[in-house]
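# My questions are about this predicted structure, shown below with the sequence.
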Amino acid sequence: MFSHILIVAATPKKKQSLCSEKNAEDIVAQTRQKIKLEYCPRVKGPSVRGINSLVAHDIGCAIRSLVEMRVRTFYNLDQEEKWKVWNAMSPKYEWDENDEPMFNWILKRAHKRYKDWKYQCHKCL
């Protein structure tokens with residue numbers, strides 16, 4: 001009789017980034033410093049792996065809890081409403097205030113999160 005040998009190749013695990021399965025509060029508490037955001041043109045967002053989704057998640061949380069759903073887009077909000085989101089980010093993140101691409105990236109993420117939130121709320125009605 002024939003005996004069959006099953007060969008199983010171990011698949012290499014993906015590298016875990018600093019942000020894998022953690023939230024910003026955990027990272028700040030663990031490292032005792034804010035998360036530094038620097039824009040990287042190659043990835044069109046933050047230069048540290050995993051930060052993109054972490055920041056987008058925190059922006060979404062700030063929008064859902066602090067901003068009223070009164071206007072069509074995030075860009076149309078009063079400056080005071082935008083500052084609420086901005087200030088909610090500042091205890092966890094730090095960025096160079098002169099880094100215009102990073103500022104624009106954050107605004108784009110905020111716009112997308114606001115739009116997604118409005119869509120989800122209207123879809124449930």
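Structure's in. What do you need?
# Report the contact partners of Cys40.
If you count contacts by Cβ atoms under 8 Å, 6 or more residues apart in numbering, Cys40 has them with 46-47. Quick note: C-beta positions are derived from backbone N, CA and C, even for glycine.
# can you give me the helices in this structure?
Counting by DSSP state H, the chain has helices at residues 24-31, 51-66, 79-89, 100-124.
# Select, out of these, the one closest to Pro41.
helix 100-124 (7.2 Å; Cβ to Cβ).
# I'd like to check the angle between that closest one and helix 79-89, please.
Counting by axes from the mean of the first three to the mean of the last three Cα atoms, to 10 degrees, helix 100-124 lies at 100 degrees to helix 79-89.
# For helix 100-124, which helices and strands make contact with it?
Counting contacts by 3 or more Cβ pairs under 8 Å, 6 or more residues apart in numbering; DSSP states H and E, helix 100-124 is packed against strand 39-40, strand 45-46, helix 51-66, helix 79-89, strand 93-95.
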